[in-house]
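Q: mind looking at a prediction? Sequence and model below.
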Amino acid sequence: MDKRHFKLGWCIVVVWLVVIIGMMVNYQSLEQRTVQIQKVSDKVDEFRSSLFFESAYRSNMRDQQVELLASLQQQRDQLAQHSSVGWLQPDIEQLLFTTDRFIEQSQALVNNELALSELLTEIQAKRLAYQSRPEIEVYYFQLSTYLFEALFSSYSTNSKAYKHLDELFIQSNSLVDADKITLQTMLAQTSRVMGSFAQGGYIVERLISNSVYKELQNVVQQSQAALKKMVLIGILFSGVVMLGLLGMMHMAIRTQSKENSTQEWQRNDQINLENAEPVVGKQSANKDQAETIELEDSHSEQVMDAQPETLDLPLPKNTAPQRSFTAAPQIDFSVMMDCLGGDRESLCMLLEVFVNDHQDDSAEIARLQHQSPEEAIRRAHSLKGVGGNLGAYQLRDVAGRLETALAKDSEQVTLLLADLELCLNQAILEAKAFIRGESEHTSINTDSIAS
């Protein structure tokens with residue numbers, strides 16, 4: 001190989017290295033952004049799962065929601081600060097905008113619930129201040145009752161609570177000025193907070209159907225497609241470079257062979273001229289030698305051109321996946337008691353909601369997977385969130401895998417449905433047993449008190 005081919009080969013190698021390094025840097029940047037987007041998606045899904053609970057139970061998860069929103073805001077800021085300069089980088093401006101709107105609406109919902117909690121604390125403090133005056137303390141007892149009634153009732157029945165507030169306002173006019181002003185101020189605050197809290201149902205619906213979920217899914221899909229495309233382009237570019245180097249080496253060898261043949265012919269002709277003898281046999285031998293060299297060159301070209309082919313043989317597939325699954329105890333009641341502050345009555349109410357709303361989920365998902373796949377995916381996602389909140393982590397994991405399988409129309413749906421039914425039935429039995437045990441315990445206490 002002469003110097004010209006050698007330099008050309010090194011130039012090709014240098015260009016290949018520069019391009020591959022640039023693609024690797026761009027791939028790493030895109031992969032980091034994809035990871036950050038996935039973290040934002042996880043935080044959004046985790047907050048959305050808490051919205052499926054009723055407002056009374058959701059108030060016990062207020063601290064958890066505040067932490068989730070703070071973490072979501074942090075992940076969103078990190079995503080915005082990440083450099084978007086690069087090749088095949090997806091546009092995330094719309095995602096950032098929809099995420100900001102989701103955080104604003106979520107913060108408004110949490111603020112309403114915080115305001116309600118603060119108002120209850122303030123009313124309790126006023127009630128304690130009037131312990132020595134029962135005729136005024138009873139008004140604050142009634143105010144707390146109306147506020148709790150608005151909290152635990154549906155939004156459509158809040159008009160009764162406002163009616164009670166109006167009656168209490170009329171009664172407050174009979175008090176002395178100082179007590180009347182204090183009570184009416186509390187009534188005004190209660191009316192304002194209840195008005196904001198009444199909007200919670202609308203905000204929850206907006207958050208559950210927010211466009212941020214679809215936007216996150218689209219951006220993640222675009223990022224994953226860009227990563228695959230970048231790998232494919234790198235492989236194709238490397239293949240072209242390798243073919244170019246092999247072709248250049250082949251041309252260099254062929255050129256060197258022709259130069260050697262020409263030098264041999266010139267040397268033989270010079271010998272013949274010096275001897276000045278018409279040696280036909282010798283010329284014939286030289287001709288045969290030249291033809292032999294050409295044949296060898298042709299044979300070497302054929303050998304160099306022949307490239308081994310790789311046979312893509314199909315890998316053996318298992319006809320049916322091996323399945324060994326047993327449903328372990330599902331609900332972690334200690335986790336739920338910690339979340340509810342040891343309130344066993346609220347825990348029983350939460351378990352009753354779970355039993356009533358989700359005991360037929362496995363059968364409904366099996367029915368909907370062909371009739372309405374989107375509804376089946378939504379039910380699996382909801383059950384995943386409920387399982388996480390109950391501490392039923394095996395149920396949550398099975399529901400999450402079923403949600404993914406339904407979205408991809410996987411062959412694993414049938415097996416995952418069977419696993420989900422086992423976990424869900426076990427969780428339902430545990431919930432019913434806990435509720436029944438609490439009911440019997442309450443009955444025994446009642447009988448002992450009566451005796």
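A: On my side now, so go ahead. Numbering: from 1, shown residues only.
Q: where in the stretch 151-300 of the chain is pLDDT low?
A: 151-162, 196-201, 261-262, 265-266, 268-300 (pLDDT under 70).
Q: ok, which stretches of it are helices?
A: Along the stretch 151-300 of the chain, the segments classed as helices by DSSP state H, counting those that start in this stretch run 158-172, 177-198, 200-208, 212-275, 280-305.
Q: which strands and helices sit next to the third one?
A: For helix 200-208, the helices and strands in contact under the criterion 3 or more CB pairs under 8 Å, 6 or more residues apart in numbering; DSSP states H and E are helix 93-129. In short, each C-beta sits where N, CA and C put it, glycine included.
Q: how far is the helix it packs on from where the chain is centred?
A: 26 Å (CA atoms, centre = their mean, to the nearest Å).
Q: so for it, what gets flagged as buried?
A: 95-96, 98-99, 102-103, 105-106, 109-110, 112-113, 115-116, 119-120, 123, 126-127 (16 or more other CB atoms under 10 Å).
Q: so who does the nearest residue to Gln189 once chain neighbours are set aside touch?
A: Spatially, and ignoring its direct neighbours in sequence, Gln189 is nearest to Leu119 (6.1 Å; CB to CB, 6 or more residues apart in numbering). Going by CB atoms under 8 Å, 6 or more residues apart in numbering, Leu119 touches 147, 189-190, 193.
Q: could you dump these into a markdown table with distance to Trp10 and neighbour count added?
A: Shown next, in a markdown table, are the contacts of Leu119 (distance: CB to CB, whole Å; neighbours: other CB atoms under 10 Å):
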| residue | distance to Trp10 | neighbour count |
| --- | --- | --- |
| Leu147 | 81 | 21 |
| Gln189 | 80 | 16 |
| Thr190 | 82 | 24 |
| Val193 | 76 | 19 |
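Q: from those, which single one is nearest Gln74?
A: Val193 (29.2 Å; CB to CB).
Q: quick check: the closest one vs His5, distance?
A: Val193 is 84 Å from His5, where distance means CB to CB, to the nearest Å.
Q: go on, Asn356?
A: Distance of Asn356 to His5, computed by CB to CB: 80 Å.
Q: neighbour count: these two, which is higher?
A: His5 (16 against 9; other CB atoms under 10 Å).
Q: wait, Gln412 touches Ala405, no?
A: Yes: counting by CB atoms under 8 Å, Gln412 touches Ala405, with 4.8 Å between them.
Q: neighbour count for those two, which is higher?
A: In this view Gln412 and Ala405 are compared by other CB under 10 Å, and Ala405 has more residues nearby, 20 against 16.
Q: in what helix or strand does that one lie?
A: Assigned by DSSP states H and E, Ala405 belongs to helix 393-408.
Q: tell me the helices and strands packed up against that helix.
A: helix 361-371, helix 373-390, helix 413-450.
Q: what's Gln131 sitting at in phi/psi?
A: Dihedral pair for Gln131: phi -60, psi -30, per degrees, to the nearest 10.
Q: what's near enough to touch the residue nearest to it when sequence neighbours are not counted?
A: Closest residue to Gln131 apart from its sequence neighbours, by CB to CB, 6+ apart: Glu137 at 6.1 Å. Glu137 makes contact with 127, 130-131 under the criterion CB under 8 Å, 6+ apart.
Q: can you tell me how far Glu137 sits from Ser382?
A: Glu137 is 44 Å from Ser382, by CB to CB.
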